[in-house]
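*Asks:* What follows is a predicted protein model with its sequence.
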Amino acid sequence: MPGKSFSACFKVIEAETAPQYLLSVPKKKLKKAPDRNRVKRLLREAIRVNQQDFTAELKSRGISAQIAFIYLRKELPPFSAVEEEIKEHFSRLKKRILANYEDTV
């Protein structure tokens, strides 16, 4: 599936806790609740599998983050597409968060 499936926003907090995630699948995009729930399950699993490096980097600097993922498509994605996009988001988020953190310290 070309293009973005998720949008991500973040807020950095000064705490050594695990990052917090908000997952949103709008009813406007996927009408049926089972479809929305499936996308959220896929997203939770992709986050669980791929967050270790991201979380470790934030904890080593004594910060955490609150991250919102919003689903943008009208069809159900396969897990491989969700996982690949989550990896890209974590990579971009890590760069942006650490760049912002370095500016404030």
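*Replies:* Received it, and whenever you're ready, just let me know what you need.
*Asks:* in the protein, which residue is closest to the centre?
*Replies:* Centroid-nearest residue in the chain: F69, 5.0 Å away (criterion: CA atoms, centre = their mean).
*Asks:* Wasn't it part of a strand?
*Replies:* Yes: counting by DSSP: H, G, I helix; E, B strand; the rest coil, F69 falls inside a strand.
*Asks:* That one reaches R44, doesn't it?
*Replies:* No: look at F69 against R44 with CB atoms under 8 Å: they stay out of range, at 9.8 Å. Glycine gets a C-beta too; all of them are placed from N, C-alpha and C.
*Asks:* hey, what's in contact with both of these two?
*Replies:* The contact sets of F69 and R44 overlap at Y21, L23 (CB atoms under 8 Å, 6 or more residues apart in numbering).
*Asks:* which non-adjacent residue is nearest the residue nearest to the centre of the chain?
*Replies:* Spatial nearest neighbour of F69, excluding adjacent residues (CB to CB, 6 or more residues apart in numbering): F6 at 5.0 Å.
*Asks:* end to end, how far does stretch 21-33 reach?
*Replies:* Across stretch 21-33, the straight-line distance between its terminal residues is 20 Å, by CA to CA, to the nearest Å.
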